[in-house]
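A.B. asks: here is the input, now give the coordinates:
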Amino acid sequence: MRNQRMRSMRGLAAIAATVVVATSCASRNQARSPFDGPGAPGGSTAEDPIHIEVQNLSFNDITVWALRSSGQRERVGRVTGKTDERFTIGWNVALPISFFVEQTAGRSCRTGQVGVEPNARVWLSVPSNVGAQACRAGRR
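C.D. replies: The predicted structure is shown next:
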């Protein structure tokens, strides 16, 4: 009886050890999801904070997108008409930043590229007549 009890205890201990080892290996070698952004844990790109000051001179609300050189857009945020907003995003400072602005009314504009470094302060000015006038961006 005692030998049988010892064998079952050893069997349970072996099963528990196997489960612990299997779960630790699985979590360490977990594949990165293709839906995770570049700044997600396990990503390879280092991103630093960039501070963006947006001045919306238009009466319409706008959505601001940061453009990567690869053509990818990263949503910065929305700015109500005739207001100013400040945003902070993570950015790979080895790449310049440019912006794409979409008005709720359907018009849009794009800025030129601006070089940045960690903690850079970038400004974006959206004109009152988007489409007829250019959006501008620069460094502070």
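
A.B. asks: tell me the mean pLDDT over stretch 116-132?
C.D. replies: For stretch 116-132, the mean pLDDT works out to 95.

A.B. asks: please apply the same query to stretch 85-98.
C.D. replies: If you average the pLDDT over stretch 85-98, you get 96.

A.B. asks: span of that stretch from start to end?
C.D. replies: 17 Å (Cα to Cα, to the nearest Å).

A.B. asks: buried set for it?
C.D. replies: Within stretch 85-98, the residues that count as buried by 16 or more other Cβ atoms under 10 Å are 85, 87, 89-93, 97-98. The way it works is simple: take the backbone N, C-alpha and C, and place the C-beta from them, glycine included.

A.B. asks: contact partners of that stretch?
C.D. replies: Stretch 85-98 is contacted from outside by 38-39, 45-54, 56, 64, 66-69, 74, 76-77, 79, 110-118, 120, 122, 137, using Cβ atoms under 8 Å, 6 or more residues apart in numbering.

A.B. asks: can I get the buried residues of stretch 85-98 in a markdown table with distance to residue 106 and secondary structure?
C.D. replies: Shown next, in a markdown table, are the buried residues of stretch 85-98 (distance: Cβ to Cβ, whole Å; DSSP: H, G, I helix; E, B strand; the rest coil):
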| residue | distance to residue 106 | secondary structure |
| --- | --- | --- |
| 85 | 21 | strand |
| 87 | 23 | strand |
| 89 | 25 | strand |
| 90 | 29 | strand |
| 91 | 28 | strand |
| 92 | 31 | coil |
| 93 | 33 | coil |
| 97 | 24 | strand |
| 98 | 21 | strand |
